[in-house]
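Trainee: generate coordinates for the sequence data below:
(3 chains)
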Amino acid sequence: MAEPTADATAAHGAESRRDFLRILAMAGGAVGTVTVIWPLIDALNPDAASTARARPIVTISDIAPDSVKTVQWVGLPVLIRRLTDKQLADEAAVAVSSLPDPASVASRVAPGNPHFVVVFGQNTGTPCELEGSNPGDSQGDYGGWVCPCDGSQYDVLGRVRVGPAHRNLVIPRFSFINPDQIQLG
Amino acid sequence: MQMEAKQAGLTCLCAGWTRKDRAPGAPWAATLPVLLAALVLVLLASGAVLAVYYDPRHAFWSVQGIMRGVQGGWLMLGYHRVGAGLVFALLGLHLFRTLLVRGYRGAGAMSWMLWVTLLAVLLLTGWLGFVLQGGAGGHWALLNATRAAVMMSGFPGTVAMWFFGGPAGGDTLARLLVLHAVLALGAAGLICMASRAAKRAKPVPNGQVVAFWPVYASQYFAALAGLALVFSLLLGFAPHWGQGMQSVFAPTPLLVAVPVSYPWYLWPLARLAGLLPGVGGQVLAVMVLFVLLYALPWLDRSNGAPPRRLYKVLIWLLGLDILVLGVAGPMLAALCSAWVFFHFLVLTPLVTAMEAA
Amino acid sequence: MMRRFFAPLLAVGVLASGAARAEDTLSPLHFQSQGWSGTIDKAAAQRGFAVYEGVCASCHSLHGLHYRDLEGLGLTPAQVAGIAANVRLANGQPATLNSRFKTPGAISMGGATPPDLSNIVAQRPGGTRYVYDFLTGFGPPPAGVSLLPGHFYNAVFPGGQVSMPAVLRDNAVTYADGAKASTAQEAADVAEFLTWASDPNLSARHAVGLRAVLFFAFLTIVALLVKRRIWREEG
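Mentor: Below is the predicted model of the structure:
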């Protein structure tokens, strides 16, 4: 586009200077166009309100020891359990290799905040919502959750103990904002 | 002989500085349609982004949310606000120039009428944009308009109801949002049609074919760069200039916006409409104005020759009059509005007839 | 002066570091946010937020803002979450980052409703200075002025009588950065905070604007040179 036209017979110096200016102008125009258009595209990123809906903040300071808070997120129940020190010690004593889906305590809780277990409340075998979160529910032999559909049992860390399910409960992506609040997603 | 040669050499050397050669090119005013098209593109693009987040049922707070919560949302609002203002500024300049060179006669009549239509469409779009912001001023303007619409009877009432659908509220704004977008698309189409009509009206003189690329393109490019410079100055340092403070107040029943402070590009029209009393009178004043603008090619009794001095002075006076009209108090505004009608109805036929004689 | 001039260029750096430094803004009185190259003084605005939260918030809402927006003042999410957690919302729950600023219960001061402060600076001519002048404009009424019941004298308020009492006094709040909480300092800080609340993108706007103006000024000159040459050679 910036090539000199065939009939241009001006002196060589003037020619190259003109070409330089032309290239500069075109490059500048391209840069300018892109910088004007880019914010239009950037503004299509989710706004703060959508992000807030997609990544809800849950207050966990009000969960009593050994009780569960259930929140709905992306259409699935998320179970948040506060563990007691005794529960943590008991679970740490279980030999990992004896489990159907071996996972250590450290891999089931967030580093620095070991007293909170956050899992999706959906059985990994038959897709069913788990029981054991509400005070009157059966919690199975391991004090955690039970699937009412196929009878699978999970411990307080959400590790599967009794089949037919053979995988641990899925841990959603989350992070601690401070010791009192977590943010999902 | 030698002297002459020397002079010729000198002329060559100073060619860049002689008056004729200083700014070779087409008139800068000829780039206005392209600049208008670029601005309308910016408005359409930023408007599309704004529409993603805009909520007609919570108009004011959704605009606030765009300003505060959308990535670069303030920039989108800025594009839209500054772009809207500049569209009116440039269209005003273009119409003024067409008047000044009598470009509306003969073959130019078609494109003149399209430009006038564009003015009407843009004014309506601008008013809708002001109302859609949902501030106290816009809310009050909509309240007045819908109240009048609901009370109107017969055919005008039916037409008004097509527009508003009922009393002011979120549903009305949802409707007006669509209208705003459709009118904006229409404006883009009108610019294309008007430019095309203008080109057809003024064929290139025989033999003098100047390539679009790179000759005209370079001039358009320079004009666009200058426009971008003005745009960024306004966007960065005066984004709310001429917008009126009423648009940053949330509408509450306690807050009565009287008079409504419109954005600056609606000032002349709002005052001109106020010349006649009542809503009917306002609509009538605006309609008469546009009928006169459409009829201008026939109100002009000249033979189409370039205008003479008196006519040019009158056009300058008209331009000045409209600027003053924008900021005038009630008395002066009435005078200035009357002058607009006087100019088109009396002065134009008279002076142009004198020119033809 | 130099710092003032280069402030927009440094804005990005300031945003990144979020540094809070105490600086004398009272003698003479000046607001860093003012002027064509103004930027929000984050340290002052953070102090101003403390004043808002400690004093203003009991009557005035700030409906346009969420607690997460405070991150724009250079606070970390954990700090803001801590601030929000101390606020009990109307439903009894502690506020989170994503909560709107708490709306105080309906209050009527002698028939007047305290206005929302989200856009107060944009709603008044010379808004930043107006807020400062208003907050420091209370005093005994001059001779010959009799106040309406439930009204207070304020030299700046139109009409001189306002339903709001003088609420700022020395040490009404304790500043985290150790600045001395005089009445004037509190008024100046809350004015800067409300300037930010009305126009949270002020710093970015000035920085972007300056860069865009410089770039397009350069491009315009180049484009004019190119156009001139092309028209002379080919036109």
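Trainee: now name the helix or strand holding C:Gly82.
Mentor: Following DSSP states H and E, one finds C:Gly82 within helix C:77-85.
Trainee: the helix or strand hosting A:Ile182 pairs with which strands?
Mentor: A:Ile182 belongs to strand A:181-184 when assigned by DSSP H and E. Partners of strand A:181-184 in the sheet, by DSSP bridges, are strand A:57-59 (antiparallel), strand A:174-178 (antiparallel).
Trainee: mind listing the helices for chain A?
Mentor: A:12-42, A:48-54, A:85-93 (DSSP state H).
Trainee: list the contacts of the closest residue to C:Ala57 other than its chain neighbours.
Mentor: Spatial nearest neighbour of C:Ala57, excluding adjacent residues (CB to CB, 6 or more residues apart in numbering or on different chains): C:Pro104 at 6.6 Å. C-beta: built from backbone N, CA, C; applies to glycine. Neighbour list for C:Pro104: C:57-61, C:114 [criterion: CB atoms under 8 Å, 6 or more residues apart in numbering or on different chains].
Trainee: likewise for A:Trp73?
Mentor: For A:Trp73, the contacting residues are A:56, A:172, A:184-185, by CB under 8 Å, 6+ apart.
Trainee: for it, give its distance to C:Ser146.
Mentor: Between A:Trp73 and C:Ser146 the distance, using CB to CB, to the nearest Å, works out to 61 Å.
Trainee: kindly report the same for C:Thr128.
Mentor: The value you get for C:Thr128 to C:Ser146, if CB to CB is used, is 32 Å.
Trainee: which stretch among the strands paired with strand A:181-184 comes nearest B:Gly47?
Mentor: Judged by CB to CB, the one of those that comes nearest to B:Gly47 is strand A:57-59, at 33.1 Å.
Trainee: check which residues of the lengthiest helix in chain B are buried.
Mentor: The longest helix of chain B (DSSP H) is helix B:170-201. The neighbour-count check on helix B:170-201 (16 or more other CB atoms under 10 Å in any protein chain shown) flags B:172-177, B:179-181, B:183-184, B:186-188, B:190-191, B:193-195, B:197-198, B:201 as buried.
Trainee: give me the angle between the following helix or strand past that helix and helix A:12-42.
Mentor: Scanning forward in sequence from helix B:170-201 by DSSP H and E, the next helix or strand is helix B:217-237. Helix B:217-237 runs at 50 degrees relative to helix A:12-42, counting by axes from the mean of the first three to the mean of the last three CA atoms, to 10 degrees.
Trainee: averaged pLDDT, the helix or strand following helix B:217-237. What do you get?
Mentor: Using DSSP H and E, the helix or strand that follows helix B:217-237 in sequence is helix B:267-273. For helix B:267-273, the mean per-residue pLDDT is 93.
Trainee: output the contacting helices and strands for helix B:267-273.
Mentor: helix B:278-299, helix B:309-327, helix B:330-342 (3 or more CB pairs under 8 Å, 6 or more residues apart in numbering or on different chains; DSSP states H and E).
Trainee: can you do 6 Å?
Mentor: helix B:278-299, helix B:309-327 (3 or more CB pairs under 6 Å, 6 or more residues apart in numbering or on different chains; DSSP states H and E).
Trainee: for B:Pro297, list the residues it contacts.
Mentor: By CB atoms under 6 Å, 6 or more residues apart in numbering or on different chains, the residues touching B:Pro297 are B:104-105, B:109.
Trainee: and B:Leu35, which of the helices and strands packed on helix B:267-273 is closest to it?
Mentor: B:Leu35 lies closest to helix B:309-327 among the helices and strands packed on helix B:267-273, at 18.9 Å (CB to CB).
Trainee: for the closest one, which positions count as buried?
Mentor: B:311, B:314-315, B:318-319, B:321-322, B:324-326.
Trainee: what sits up against stretch C:59-69?
Mentor: Under CB under 6 Å, 6+ apart, the answer for stretch C:59-69 is B:64, C:80, C:84, C:95, C:97, C:99-101, C:103-104, C:107, C:114, C:116-118.
Trainee: who wins for neighbours among the contacts of C:Pro104?
Mentor: C:His60 (22 neighbours; other CB atoms under 10 Å in any protein chain shown).
Trainee: how about the helices and strands packed on helix B:267-273 in TSV, adding mean pLDDT?
Mentor: Formatted as TSV, these follow (pLDDT from 0 to 100):
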stretch	mean pLDDT
helix B:278-299	93
helix B:309-327	95
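Trainee: so how far is stretch C:220-235 from its chain's centroid?
Mentor: Chain-centre distance of stretch C:220-235: 47 Å, with CA atoms, centre = their mean, to the nearest Å.
Trainee: domains for chain A, by residue range?
Mentor: According to automatic domain parsing, chain A comprises the domains A:1-45, A:51-184.
Trainee: now do the same for the residue nearest to C:Ala57: its pLDDT.
Mentor: 90.
Trainee: doesn't it lie inside a helix?
Mentor: No: residue state for C:Pro104 (DSSP: H, G, I helix; E, B strand; the rest coil) corresponds to coil; a helix is not indicated.
Trainee: before we move on, back to that, dump the domains of chain A into a markdown table; add distance to B:Met287 and mean pLDDT as well.
Mentor: Shown next, in a markdown table, are these (distance: least, CB to CB, whole Å; pLDDT from 0 to 100):
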| stretch | distance to B:Met287 | mean pLDDT |
| --- | --- | --- |
| domain A:1-45 | 37 | 79 |
| domain A:51-184 | 48 | 88 |
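Trainee: out of these, the one nearest B:Gly25 is which?
Mentor: When the domains of chain A are compared by CB to CB, domain A:1-45 sits nearest B:Gly25, at 15.0 Å.
Trainee: about what we covered before: between the helices of chain A, which gets nearest to chain B?
Mentor: Proximity to chain B (CB to the nearest CB) singles out helix A:48-54 among those, at 3.5 Å.
Trainee: give me the helices and strands touching that closest one, please.
Mentor: Using 3+ CB pairs under 6 Å, 6+ apart, helix A:48-54 sits against no helix or strand.
Trainee: which residues does residue 166 contact?
Mentor: As the question left the chain open, I've gone with chain A. A:His166 sits in contact with A:Pro100, where contact means CB under 6 Å, 6+ apart.
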